[in-house]
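J.: what follows is a predicted structure for the sequence shown.
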Amino acid sequence: MIRLFPLIFIVLWSSAFITTKPIVDYSDPFAALSFRFLIVAFGFFLFSIFKKQKIFVPKKNAFESIFSGVLFHGLYLGGVFFSISKGLPTGIAALIVTLNPVLTNALAGPLLKEKVTLKQWIGVILGFLGAIIVLGFDVGSGLPTIGIIAVFISLIAVTSATLWQKKLSNNLSLPVSNMYQAIGGFIFHLIIVLFLAKPYIDFSPTFIIAMSHQILLVSFGAFTILMYLIKHNSASKTVSIFFLIPATSAFIAWIFLNETLSIYDIFGFAIASIGVFIATRENK
């Protein structure tokens, strides 16, 4: 079953980009995320109690996990949700944030003492070249600038979160760590809701179905798998599976959201995917 974790993660994580669109259609993105992580934190709290895990941990460990949650659930997801709410197609959002592997590989050497090769740097260049091709042809034809900025913030946040999470050695159990990370995400979005956003949520059937998917399958499912993979593998090896997410997200969006990609998007998408593959494949 553990061998299937990467495949399960890819499908679940990719599907999150699709259910984001109906969520932001019926709510303010930050209000929706605040609501989501309040439930997620409570869910992991109940699960931790059920499994008789120690809830009250040293302050240092709790703050480390909360900060990880601010990066993962706050800045990363907040940027993705906000960008899509401003009209950025889910496929483009998925493409940009999935450049996470090439950035992680570039930074894993100096920060985590993981070996970074010339091949990985070539992958970094190709990955960003692909993103530039996509954005270079599309920015002037309707893609929202603020959405692009937001999703690049997400890219930086998820890369930083991956490296930070790998660097942690607090040995908290997964459900307790996930609970504190969800608390971090909830606090982050609550602050935005209170001071910057105009919160609203329309609890329509569509919103409830999409939110249930993200809570149950993504926050409880995919994110737990990701934390497990980061803990048991190198950061660079873990994020290597991300290069499959843009294609999977685009395929799901084509089926369920009727989204299309231009020839330039497809070409840039292919170049970026090749770059990520080169940067993250193992040496033989």
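T.: Nice, thanks for sending it over.
J.: show me the contact partners of the strand or helix carrying K60.
T.: Taking DSSP states H and E as the definition, K60 sits inside helix 59-69. If you take C-beta atoms under 8 Å, 6 or more residues apart in numbering as the criterion, helix 59-69 is touched by 37, 161, 164-165, 168, 170, 172, 176-177, 180-185, 187-188. The way it works is simple: take the backbone N, C-alpha and C, and place the C-beta from them, glycine included.
J.: 6 Å instead, please
T.: 161, 164-165, 168, 170, 172, 177, 180-181, 183-185 (C-beta atoms under 6 Å, 6 or more residues apart in numbering).
J.: got the buried residues for that helix?
T.: For helix 59-69, a neighbour-count test (16 or more other C-beta atoms under 10 Å) marks 61-62, 64-69 as buried.
J.: tell me the one of those nearest L99?
T.: Nearest to L99 among the buried residues of helix 59-69 is S68, at 20.3 Å by C-beta to C-beta.
J.: from W164, how far out is the closest one?
T.: The spacing between S68 and W164, counted by C-beta to C-beta, to the nearest Å, is 6 Å.
J.: likewise for I230?
T.: As judged by C-beta to C-beta, I230 and W164 stand 10 Å apart.
J.: OK, contacts around L226?
T.: Neighbour list for L226: empty [criterion: C-beta under 6 Å, 6+ apart].
J.: the host helix or strand of it vs helix 59-69, what angle?
T.: Using DSSP H and E, L226 sits in helix 223-232. Angle, helix 223-232 to helix 59-69, by axes from the mean of the first three to the mean of the last three C-alpha atoms, to 10 degrees: 120 degrees.
J.: for helix 223-232, buried residues please.
T.: The neighbour-count check on helix 223-232 (16+ other C-beta under 10 Å) flags 223-227, 229-230 as buried.
J.: now do stretch 38-46
T.: Residues of stretch 38-46 classed as buried by neighbour count (16+ other C-beta under 10 Å): 38-41, 43-45.
J.: counting by contacts, list what the helix or strand harbouring A93 packs against.
T.: Per DSSP H and E: A93 is located in helix 90-97. Contacts defined by 3 or more C-beta pairs under 6 Å, 6 or more residues apart in numbering; DSSP states H and E place helix 90-97 against helix 5-25, helix 77-85, helix 145-167, helix 245-256.
J.: and those helices, which is most packed in?
T.: Across the helices and strands packed on helix 90-97, averaging neighbours per residue (mean count of other C-beta atoms under 10 Å) puts helix 77-85 on top, at a mean of 26.
J.: show me which of the contacts of helix 59-69 is closest to S212.
T.: G185 (17.4 Å).
J.: sorry, back to before: can you check what angle separates the helix holding A93 from helix 145-167?
T.: With the same axes, to 10 degrees as the basis, helix 90-97 and helix 145-167 are set at 50 degrees to each other.
J.: and the pLDDT for G221?
T.: As predicted, G221 sits at a pLDDT of 86.
J.: checking my notes, F56 in a helix, right?
T.: No: F56 is assigned coil when assessed by DSSP: H, G, I helix; E, B strand; the rest coil, not a helix.
J.: now do it against G185, distance only.
T.: 20 Å.
J.: could you do L226 as well?
T.: For L226 relative to G185 (C-beta to C-beta), the value is 14 Å.
J.: check N100 too.
T.: Using C-beta to C-beta, one gets 18 Å for the distance from N100 to G185.
J.: those two - which one has more neighbours?
T.: Under the neighbour definition other C-beta atoms under 10 Å, N100 and G185 were set side by side, and G185 has more, 30 against 25.
J.: mind giving me the packing neighbours of the helix or strand harbouring the more buried one?
T.: According to DSSP H and E, G185 maps onto helix 174-195. Packing partners of helix 174-195 (3+ C-beta pairs under 6 Å, 6+ apart): helix 29-50, helix 59-69.
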